[in-house]
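sequence isn't available, so here's the structure alone:
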């Protein structure tokens, strides 16, 4: 179908975007790789020479490394799980005829527009503060001891904040998908007397699989980079240090750019393993 | 009889849906209300919901302390600028991927998306040094370019999926009529893709508006957007809930209102056309 | 012709000598109350000098990350940076800051408190001018102390503080006997526990830079702290820093609070504090080992080397850290609100003598000695920190381990073991051991 001419034109048109992204990826990547093999301490005079794989060994043998990978996976995994499960339920509910559907949708989508820094600040201070927070007042009202959210339930609290931000995204996409579901098919199943759960598993879930993949893919990309929510609330204390946060700590707090860069390389490897895994699924699903 | 049952179900569904909707929205509502309280009322125990002396003093105090409008304008310029720039670069690329696909098209797309997974903090020093070299530290241009690059993969992919939905026959027909490539893109393709482009623009403005790492670390006074504005209210001395709420409301209101008005387009955009 | 040349030349010279061209200065500062006040008074500076100021006001953690990136890369985004006693000698040593030894005679550099001047100098050269200085002391509720049937000595011991804290606690009334920092971060809980450990005879490093967290002194410090706080501290104290405790104290929810001396003006200000007229002051406690648990700190203004606007920046520093600025604030907001702890003359000023916390602030500052902060000898300078580049990173991680112990997520022994391992690890990486 495509002529030779349009092919070369196509290549030409793709060039700016590909070139820019290539530069955007390769230049920092090359610099990160370069720094990762050097002893680079800005506060001690900068680049102090080649150190081989020292930074890599040191980063991975640090006692914070594996816990941080684990924390990263927990945060990404639990937020995905929560937003998907609640998202499907909420989408099913909003798909029913209700009064004021438009307004309810506006209410539900709102958290998605809130800056991560702002939502972290608001949750931390106005809601989760163990003395003046709204939750503390609520708990006391019911005669319970207020929960010390960010110290005693630190990781669940962060998962909760992040889930609140991403639930609207999941809900809206799943809702759109459900609305496209053939209602005749559902009604037929209902007539046949298929129980609700069966209808759900055999008709709705398969239909949603594509939307679910999209949610997983996009959210994973953004969840791996979660930073503001941790920086503002716990500062990495109480077992909330993700890999991204650990790198931040090495580069900016310890001012060890070499070590941090080695961490950056590990993070890229981890992200790419996850990406490869996701891309396989998504790539397949998007072709259909 | 059947009708009554449906109505009853509708009432129950409505009540549940509204309850959940309000619950999800509550943190934002509460922040909004708190911004009109005095600092003492803001932490009152038991909390007051609506019946307090509404005051605007937090807003005047925040504006007096840190010129909201300057930050607001910067946010608008950077968010809109980076999005438009990104769309201009992405349209040709997405066009060629959608209409002249090769074996590697999908690999290129996936690779583009994977560039988004680079941890930003790992490359802060390199980027900072480059910015100094180019003299674009604390400039709107520098930030616009960075945010454009960050969001470019998403823009390309979204546009690609929209373009793919456009039937090939129409393009074939216009080619038969002897339309040039330029005319084809400008007069045939673009009008058909307007809804897709619009939702792409919307989503990316939101993403750029809320980006808080680069916008904070590459600016000082001149180019600082609302993310920097918020960083001066995050933990000041003494009681600060009301002022924090006012600053938060000011930072999120513009994008929230824009988002509400465009939520339909947004949904389409977010799903990359994969969900219809 | 000659005449014109002479006139032009003369006017050019006079321009240079009287006023530097009007510049626009970009100043990075922290969002503390005194700095926000300074920001509001900027017009006075512009009026006097013609220079305008653009403020970048950030929360402390963000500010630190921002200015450190800029100074190490010589980015030049700021003409003046607000930094502390920890950064100044390190940056000065690296040649990143403009020397402030040539400030005008009017400025009277000798008036700066010796402790502050020493802490903001490297090799005898002043690199940052103190905007305000602080130590730490006890602020306590006189009414609650009386109610508990106790009397605060002017220089109490830790055992008295623990006893008083438990006696003052009334959980039903939401009164906590004592509020202290537990928040992770070297400048937050890390600073407090380090200063406290000094009075227990502990130190960060021995003379060969070996970490000392495996010593009995550290375990005593931490156990004492955790026991006292769980009996008499506020809920969730593991996430409380300066600001959180200030709020609690102002709301009347703390019997005692040991923290920065600058807080005294906030807790005695009737506009913000519900307990303004009931606050007493005392020296930070000791343990009978000759060292008290108070720290020494200053927020100071410094000029990054390489700025194009050095002259104007110096004019600003002279304006903001001078006696006339103190007079300006006193005139507008009263003497209790002037930036404290920087100048000797302030404490000799009869107007300031009546301020209830003035004497205790000065005594606290004078009793802190960065060069001799520990009972056993140590290789580092600094009371609540060690002035080496690696300290901030290490101490933040150590304080995170401590905070996890405060929150009950691990035992004190576990926290100390981890702190010991990670400190030695990083010191080795940095080439000290």
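Received, thanks. All values reported here derive from a predicted model rather than from experimental measurement.

up against chain B, what does the stretch 51-200 of chain C have?
Within the stretch 51-200 of chain C, the positions adjacent to chain B are C:54-60, C:62, C:65-66, C:69, C:73-78 by Cβ under 8 Å from any Cβ of the partner chain. The way it works is simple: take the backbone N, C-alpha and C, and place the C-beta from them, glycine included.

and residue 105, how many residues sit next to it?
All of this refers to chain A. Residue A:105 has 21 neighbours, counted by other Cβ atoms under 10 Å in any protein chain shown.

try chain C instead
6.

spell out which parts of the stretch 251-400 of chain C neighbour chain A.
C:251, C:253, C:389, C:390, C:392, C:393, C:394, C:396, C:397, C:399, C:400.

helices and strands around the helix or strand that residue C:195 is a member of, which ones?
Assessed by DSSP states H and E, residue C:195 sits inside helix C:189-199. Under the contact criterion of 3 or more Cβ pairs under 8 Å, 6 or more residues apart in numbering or on different chains; DSSP states H and E, helix C:189-199 touches helix C:216-232, helix C:391-406.

need those helices in CSV (columns: distance to residue B:172, mean neighbour count and mean pLDDT).
Listed next are these as CSV, based on distance: least, Cβ to Cβ, whole Å; neighbours: other Cβ atoms under 10 Å in any protein chain shown; pLDDT from 0 to 100:
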stretch, distance to residue B:172, mean neighbour count, mean pLDDT
helix C:216-232, 76, 19, 96
helix C:391-406, 62, 27, 94
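
which stretch among these comes nearest residue A:229?
helix C:391-406 (16.7 Å; Cβ to Cβ).

beyond that closest one, next helix or strand please.
Next element after helix C:391-406 (DSSP H and E): helix C:412-429.

hang on, the earlier thing: now the helices and strands packed on helix C:189-199 as a markdown table including distance to residue C:425?
Converted to a markdown table, the helices and strands packed on helix C:189-199 look like this (distance: least, Cβ to Cβ, whole Å):
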| stretch | distance to residue C:425 |
| --- | --- |
| helix C:216-232 | 17 |
| helix C:391-406 | 9 |
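
quick one, what contacts the residue in chain A positioned nearest to chain C?
Residue nearest to chain C within chain A (Cβ to the nearest Cβ): residue A:254, separated by 2.7 Å. By Cβ atoms under 8 Å, 6 or more residues apart in numbering or on different chains, residue A:254 lies in contact with A:260, C:390, C:392, C:393, C:394, C:426.

hmm, 6 Å instead?
Each residue near residue A:254 by Cβ atoms under 6 Å, 6 or more residues apart in numbering or on different chains is listed here: residue C:393.

for residue B:166, same thing?
Taking Cβ under 6 Å, 6+ apart as the test, what residue B:166 contacts is residue B:192.

quick check: it vs residue A:18, distance?
22 Å (Cβ to Cβ, to the nearest Å).

nearest residue to the residue in chain B that chain C sits nearest to other than its sequence neighbours?
As assessed by Cβ to the nearest Cβ, chain C sits closest to residue B:221 within chain B, at 3.7 Å. Counting by Cβ to Cβ, 6 or more residues apart in numbering or on different chains, residue B:221 lies nearest to residue C:54, which is 3.7 Å off, once chain neighbours are set aside.

a helix runs through that neighbour, doesn't it?
No. Under DSSP: H, G, I helix; E, B strand; the rest coil, residue C:54 sits outside any helix and is assigned strand.

quick check: it vs residue C:304, distance?
15 Å.

more crowded one of the two?
residue C:304 (24 against 17).

any idea where the helices of the stretch 101-250 of chain B begin and end?
Listed in chain order, the helices of the stretch 101-250 of chain B (DSSP state H, counting those that start in this stretch) span residues B:105-114, B:124-134, B:140-165, B:168-176, B:181-183, B:190-210, B:214-217, B:226-231, B:241-261.

contacts only, for whichever residue of the stretch 301-433 of chain C sits closest to chain B.
The minimum distance from the stretch 301-433 of chain C to chain B, using Cβ to the nearest Cβ, falls at residue C:306 (11.1 Å). Counting by Cβ under 6 Å, 6+ apart, residue C:306 touches residue C:74.

residue A:228 and chain B, how far apart?
5 Å (Cβ to the nearest Cβ, to the nearest Å).

so what's the residue count around that residue?
22.

same question, the one 5 residues further on
Around residue A:233 sit 24 other residues, with neighbours defined as other Cβ under 10 Å.

and residue C:159, by the same measure?
12.

just the buried positions in stretch C:157-166, please.
Using 16 or more other Cβ atoms under 10 Å in any protein chain shown as the test for burial, stretch C:157-166 gives C:158, C:161, C:162, C:163, C:164, C:165, C:166.
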